[in-house]
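Undergrad: No letters, just coordinates:
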């Protein structure tokens, strides 16, 4: 187990990257603390898998260093790094039995047979495949194969880190929940550093202590699920996390007030004067009939069980969503949206600006 | 109500006629010869299974059969591992992959008798590059008089001509392995041997089976190349079944025995190919459960 440091890391799949867009992974400096469970969250193609493959050594970064503890492993082979990684699609050794598949990483290291047997039994119990241990891996269903892949990833006890690259994509929903719980359990018991790549926010938020949100080759924010929800550092974090995501409206900001389409919105603090965006989560939007709020037109109400989502749009046709808590009625003829000041964030060029900024 | 008749059968007729003329009728001629004898003037009389008995007990045929099995065994033992080894070391993509593929395919495109001629000249002690060089180096090499030299020449020629086929088939099998398998093996800290044994070999098994079958059948029927190089000699040292068959049918004009020989030759190839196929598919199945 080790702390993993990414130092000045960047990667491009091209030989001679010229433009900003040529980099699949832009400048990245980050320390993955030892023993933490991280989720790497982002849309498809944002560089999550690239980052994971660089950590495991399947890819050499174009620039920068990777350190495990104090050791520079940038040039080290994958095998040398002693890392477990589970891929999105199952990889099993077809001609081997399930038992041999699970034992494979241990056999490769020349572990004691008695230890291997004990360990394989433990893992088989964990992934619920004790009954199938002696059959060939070929011909199993995709989710059984993926369980084997997961098991193979977990079988070594002394790995430096466990990396998961969207491992539950092919698993059916019920089993997904169970396996995720077991992964968490495993993390609690053994305290491995884990990095879990996913594009599913529920998966990320329930699994991880810390979530790193990636967007367009960059890690835009790393924090606890609460931090990501309450103070998104980037508009991408705002609308990617949350269901529905943050409402973002262009506004001119000055002092304690922002003007959206000419309507004043009170802000929780003071800002310099600039054109930016007002971001407010639907949880902090209240709809009223008349009054001083932002004029909106309600288009749809969706009942999602615990609460209701009101879809509306402002004068410019931009969506403004609000969440009605359970039992709360939608006021008759609601045509104004009021933003609770404590839920308002201001963004400039996509990045959050703190109130009473240093320049003020 | 729909009319029902059997007119559709006429549509099969062209195929039946084609197959009859291309396969059945020539084969029946051979069958016909194998059970009859003649004293000339195109007069034939029934001879029963006498020709078959003669062939089965002929020491000359037994010897040729022995040489044939030895030859096929040697070239399979060399070409299959060598072909796999070459395929494993070929570049996977890029310009060099294409260059390799073209170079590998070249020997396959050369007609059999040209291959024989090339090696016949190549190995000659007086003017051939190989023969002359060996002679200059003081190595006593002469494929026309020394049995071992003749065998080595014929075997090396076949390896040169056909290893590419095995390599190309194995290469195709290797190309179909997704990159994720190699990545997983690296993560699992598998050795190079383990990668070959548990990933590459299982994925190549299907094409290798085809390669073994093709090389077995082809080598078991080999005629042109050794005939051009050694003419079956020295003595009868490289007289394989086909060469012996042609000697019997055209050289001696013993059509009856030659016909009986042909039929049994065909049945032997069919039988051995079937055994190969069955054994290998069963090995495959045993893995599946």
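TA: That came in fine, so what should we check first? As the structure is a computational prediction, the values presented were derived from the model and not from experiment. Numbers count the residues shown, from 1 in each chain, chains lettered A, B, ... in the order given.

Undergrad: From here on, just use CA atoms for contacts and neighbour counts.
TA: Noted.

Undergrad: Mind jotting down where the strands sit in the stretch 251-360 of chain A?
TA: Using DSSP state E, counting those that start in this stretch, the strands found in the stretch 251-360 of chain A span residues A:263-280, A:285-288, A:294-303, A:308-314, A:319-324, A:336-339, A:344-348, A:351-353.

Undergrad: Nearest to residue B:268, out of those strands?
TA: With C-alpha to C-alpha, the closest approach to residue B:268 among these belongs to strand A:294-303: 76.0 Å.

Undergrad: What helices and strands are in contact with the closest one?
TA: Contacts of strand A:294-303 with other secondary structure elements, assessed using 3 or more C-alpha pairs under 8 Å, 6 or more residues apart in numbering or on different chains; DSSP states H and E, are made with strand A:263-280, strand A:308-314, strand A:336-339.

Undergrad: run the last query once more with 7 Å
TA: Strand A:294-303 sits against strand A:308-314, strand A:336-339, with contacts defined as 3 or more C-alpha pairs under 7 Å, 6 or more residues apart in numbering or on different chains; DSSP states H and E.

Undergrad: between those, which one is nearest to residue B:202?
TA: Set against residue B:202 and scored by C-alpha to C-alpha, these come closest in strand A:308-314, at 53.7 Å.

Undergrad: returning to that earlier point: could you say which of the helices and strands packed on strand A:294-303 is packed most deeply?
TA: Here the criterion is mean neighbour count by mean count of other C-alpha atoms under 10 Å in any protein chain shown, and of the helices and strands packed on strand A:294-303 the winner is strand A:336-339, at a mean of 22.

Undergrad: strand partners of that one, parallel vs antiparallel please.
TA: The partner list of strand A:336-339 in its sheet, established with DSSP bridges, is strand A:285-288 (antiparallel), strand A:294-303 (antiparallel).

Undergrad: Of these, flag the one that's most buried.
TA: For those, the stretch with the most neighbours on average is strand A:285-288, a mean of 22; neighbours defined as mean count of other C-alpha under 10 Å.

Undergrad: Mean confidence (pLDDT) on that strand, please.
TA: Confidence over strand A:285-288, taken as the mean pLDDT, stands at 87.

Undergrad: got the strands of the stretch 251-360 of chain A as a markdown table, with distance to residue A:221 columns?
TA: Formatted as a markdown table, the strands of the stretch 251-360 of chain A follow (distance: least, C-alpha to C-alpha, whole Å):
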| stretch | distance to residue A:221 |
| --- | --- |
| strand A:263-280 | 16 |
| strand A:285-288 | 24 |
| strand A:294-303 | 30 |
| strand A:308-314 | 27 |
| strand A:319-324 | 24 |
| strand A:336-339 | 24 |
| strand A:344-348 | 14 |
| strand A:351-353 | 10 |
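
Undergrad: ok so, going back, pipe the strands paired with strand A:336-339 into JSON lines and attach distance to residue B:39 per row.
TA: JSON lines is the format used below for the strands paired with strand A:336-339 (distance: least, C-alpha to C-alpha, whole Å):
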{"stretch": "strand A:285-288", "distance to residue B:39": "112"}
{"stretch": "strand A:294-303", "distance to residue B:39": "101"}
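
Undergrad: Helices of the stretch 101-250 of chain B, residue ranges please.
TA: Per DSSP state H, counting those that start in this stretch, the stretch 101-250 of chain B has helices spanning B:112-122, B:129-136, B:147-175, B:179-187, B:192-195, B:201-220, B:224-229, B:241-246. These are given in chain order.

Undergrad: Among those helices, which comes closest to chain A?
TA: helix B:179-187 (5.7 Å; C-alpha to the nearest C-alpha).

Undergrad: ok, the spatially most central residue of chain A - contacts?
TA: The residue lying closest to the centre of chain A (C-alpha atoms, centre = their mean) is residue A:41, at 2.0 Å. By C-alpha atoms under 7 Å, 6 or more residues apart in numbering or on different chains, residue A:41 lies in contact with A:197-199, A:201, A:204, A:211-214.

Undergrad: For chain B, state which of those residues is nearest.
TA: Of all the contacts of residue A:41, the one sitting nearest chain B is residue A:197; the distance, using C-alpha to the nearest C-alpha, is 16.4 Å.

Undergrad: sorry, back to before: can you tell me how far the residue nearest to the centre of chain A is from chain B?
TA: Applying C-alpha to the nearest C-alpha, to the nearest Å, the value for residue A:41 to chain B is 22 Å.

Undergrad: do you know how far that residue is from residue B:43?
TA: When distance is defined by C-alpha to C-alpha, to the nearest Å, residue A:41 is 91 Å away from residue B:43.

Undergrad: try residue B:94
TA: Computed as C-alpha to C-alpha, the residue B:94 to residue B:43 distance reads 67 Å.

Undergrad: what does residue B:88 give?
TA: As for residue B:88, its distance to residue B:43 is 60 Å (criterion: C-alpha to C-alpha).

Undergrad: These two: who's more crowded?
TA: When residue B:88 and residue B:43 are compared for neighbours, residue B:88 comes out ahead with 16 against 9, by other C-alpha atoms under 10 Å in any protein chain shown.

Undergrad: you'd agree the more buried one is in a strand?
TA: No: Residue B:88: not assigned to a strand; according to DSSP: H, G, I helix; E, B strand; the rest coil it is helix.

Undergrad: how about the nearest residue to it, chain neighbours excluded?
TA: The spatial neighbour of residue B:88 that comes closest, neighbours along the chain excluded (C-alpha to C-alpha, 6 or more residues apart in numbering or on different chains), is residue B:171 at 7.2 Å.

Undergrad: dump the residue contacts of the nearest residue to residue A:136 once chain neighbours are set aside.
TA: In space, residue A:136 comes closest to residue A:97 once its chain neighbours are excluded; the distance is 4.0 Å by C-alpha to C-alpha, 6+ apart. Applying C-alpha under 7 Å, 6+ apart, we find residue A:97 in contact with A:133-137.

Undergrad: quick one, phi psi at residue A:97?
TA: Torsion angles at residue A:97 (phi, psi; degrees, to the nearest 10) stand at phi -70, psi 170.

Undergrad: Could you measure from it over to residue A:104?
TA: Taking C-alpha to C-alpha as the measure, residue A:97 falls 10 Å from residue A:104.

Undergrad: now do residue B:192
TA: The span separating residue B:192 from residue A:104 equals 14 Å under the rule C-alpha to C-alpha.

Undergrad: who's in contact with residue 150?
TA: All of this is about chain A. Residues near residue A:150 by C-alpha under 7 Å, 6+ apart: residue A:86.

Undergrad: not what I meant, chain B
TA: Contact criterion C-alpha under 7 Å, 6+ apart gives B:143-144, B:230 as the residues in contact with residue B:150.

Undergrad: Looking at those residues, which one is closest to residue B:25?
TA: Looking at the contacts of residue B:150 and their distance to residue B:25, the nearest is residue B:230, at 33.8 Å (C-alpha to C-alpha).

Undergrad: If we ignore the residues flanking it in sequence, what's nearest the closest one?
TA: Nearest to residue B:230 is residue B:144, by C-alpha to C-alpha, 6+ apart, at 6.4 Å.

Undergrad: Could you do residue A:228 as well?
TA: Leaving aside its sequence neighbours, residue A:228 sits nearest to residue A:237 (C-alpha to C-alpha, 6+ apart; 6.9 Å).

Undergrad: All set now, cheers.
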